[in-house]
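Asker: Predicted coordinates and the sequence they were generated for:
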Amino acid sequence: MDHLLHLDRTLDELDPPRWTPPAGDATRLVRKVHELRRVPLGELRPADLRILISQQVALPYVLPLAVRLLLEEPLLDACFYEGDLLLAAVNAPASAWSLLPDLGARLRTVITSLPEAAVADLPRGAAEQLARFERGRTNGRPEA
């Protein structure tokens, strides 16, 4: 299924059940994730995708959107630093990537083409995270 065909729909619609409103004492991050589930996929910004991926929310829908951006600009600065969306994506669980093997392969190709100097400018540990993803491993476990 091509998840990019649903750009006019929200995660609450595509990834049931709909979430109930967050508790009154919920953190800002929890409130933001709940809010993002009600935004049409086509309106999610790179920073929104980084948050959803980092929080492992509806990955079959948000990873394709992120990869689409990363294929054009691998070191996209979504919010904090160059490459933050890429690092969020490569650290998604292997189980999510196993559902999207073609996208994972395309992202690996992009990663292997990154200049060494660009990778060296990423935060500490990023080169190892990228290398682990390149080898077909995420979070220390082989991809399914």
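Answerer: The structure has been received and is ready for your questions.
Asker: I'd like to check which residues are in contact with the residue found closest to residue 30 once you drop the neighbours it is linked to in the chain.
Answerer: Nearest residue to residue 30 in three dimensions, chain neighbours excluded: residue 22, at 5.1 Å (CB to CB, 6 or more residues apart in numbering). (Glycine included, C-beta is placed from N, CA and C.) Shown in contact with residue 22 (CB atoms under 8 Å, 6 or more residues apart in numbering): 30, 31, 34.
Asker: who's in contact with the second one?
Answerer: Remark: with contacts taken as CB under 8 Å, 6+ apart, residue 31 is in contact with residue 22.
Asker: Please spell out the segments of the protein that come in under the pLDDT threshold.
Answerer: 1-5, 137-144 (pLDDT under 70).
Asker: cutoff 50 now
Answerer: 1, 138-144 (pLDDT under 50).
Asker: What ranges does the protein have for its strands?
Answerer: 137-138, 141-142 (DSSP state E).
Asker: Now do the top helix by length along the chain: everything it contacts.
Answerer: Identified as the longest helix of the chain according to DSSP state H is helix 59-72. For helix 59-72, contacts defined as CB under 8 Å, 6+ apart pick out 2-4, 6, 11, 14-15, 41, 44, 46, 49-50, 52-53, 76, 85-86, 88-89, 92-93, 96-97, 99-100, 103, 106-107, 110.
Asker: Kindly format the C-alpha coordinates of that helix as CSV.
Answerer: Extracted in CSV, the C-alpha atoms of helix 59-72 (Å, rounded to 0.1, in the frame of the first residue of the first chain):
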residue,chain,number,x,y,z
LEU,A,59,5.7,4.8,11.5
PRO,A,60,4.3,3.0,8.4
TYR,A,61,2.7,6.4,7.5
VAL,A,62,5.4,8.9,8.7
LEU,A,63,8.6,7.1,7.6
PRO,A,64,7.6,7.2,3.9
LEU,A,65,7.0,11.0,4.2
ALA,A,66,10.4,11.5,5.9
VAL,A,67,12.2,9.3,3.3
ARG,A,68,10.7,11.3,0.5
LEU,A,69,12.3,14.4,2.0
LEU,A,70,15.6,12.7,2.8
LEU,A,71,16.0,11.4,-0.7
GLU,A,72,16.2,15.1,-1.8
